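Chemist: okay, sequence plus prediction incoming.
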Amino acid sequence: KVIRLVSEPFPLTKKVKEYLLKIERGLSCTEGNLSMATDVSIPIRIAPRQPLNIHGVHAVESGDKPAIVIGFNQSIVQDDAAGLITIDPLANTRHEYHGPQVFMFGDFVPGEVYTISIKKGLKAISGAELDDDFTSAVRIPELRPSVRFTSAGIFLPRGGNGLVEITTMNVNTLTVEVEQ
């Protein structure tokens, strides 16, 4: 039989905390008449709270639009982020949170440099806080050239005008050859 002990949460500190769980001999089971034959001591070591750190800020392509990714060493409290993470020049953004990363989506202009500022006090889920203000510049890269058909079909319709609809991005010229 397994006995499960649950304590109140241990406070996280900046130093390693060590505790000793002691179970004295004679502790009897709730079912049956067996008891602990000897004293048991189990050391418990609580790791210190890790400070909230920023691993980096970079731009990525997300489909046909760029996004800015901020990497942290731990997941942050989402409600705090909206007021403590800012962008200049101002852009209408929405944030998505995936583990220790914040993805900023918006109408970013390729080639433009944006400054991301994060105020100290931003909180991680663990309770850790960002100790200092952080600022980083990130350049939105030009989107890679791409070509795609707007419809998923593989045949031209029998009726209609026989047009093939294509969407391009950063492509100056395109040659399309249709075979029967």
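Modeler: Ah, there it is.
Chemist: for residue 74, give me its contacts.
Modeler: 50, 52, 100, 124, 125, 126, 128 (CB atoms under 8 Å, 6 or more residues apart in numbering). All C-beta spots, glycine's among them, are computed from the backbone N, C-alpha and C.
Chemist: does it belong to a helix, a strand or coil?
Modeler: Following DSSP: H, G, I helix; E, B strand; the rest coil, residue 74 is assigned to coil.
Chemist: for it, which non-adjacent residue is closest in space?
Modeler: Counting by CB to CB, 6 or more residues apart in numbering, residue 124 is the residue found nearest to residue 74 once chain neighbours are left out, at 4.5 Å.
Chemist: residue ranges with poor pLDDT in this protein?
Modeler: Within the chain, the segments meeting pLDDT under 70 span 1, 63, 151-162, 180.
Chemist: which stretches of the chain form strands?
Modeler: 17-23, 40-46, 54-62, 65-72, 85-88, 93-98, 101-106, 113-118, 134-139, 146-149, 166-169 (DSSP state E).
Chemist: what about residue 72, how many neighbours?
Modeler: 20 (other CB atoms under 10 Å).
Chemist: quick check: it vs residue 81, distance?
Modeler: 10 Å (CB to CB, to the nearest Å).
Chemist: ok, residue 97 next?
Modeler: Residue 97 is 8 Å from residue 81, where distance means CB to CB.
Chemist: tell me which of those two has more neighbours.
Modeler: Taking neighbours as other CB under 10 Å, residue 97 and residue 81 compare with residue 81 leading, 17 against 13.
Chemist: my read is that that one contacts residue 102, right?
Modeler: Yes: when contacts are counted by CB atoms under 8 Å, residue 81 is listed as touching residue 102 (6.2 Å).
Chemist: which neighbours do these two have in common?
Modeler: In contact with both residue 81 and residue 102: residue 95, using CB under 8 Å, 6+ apart.
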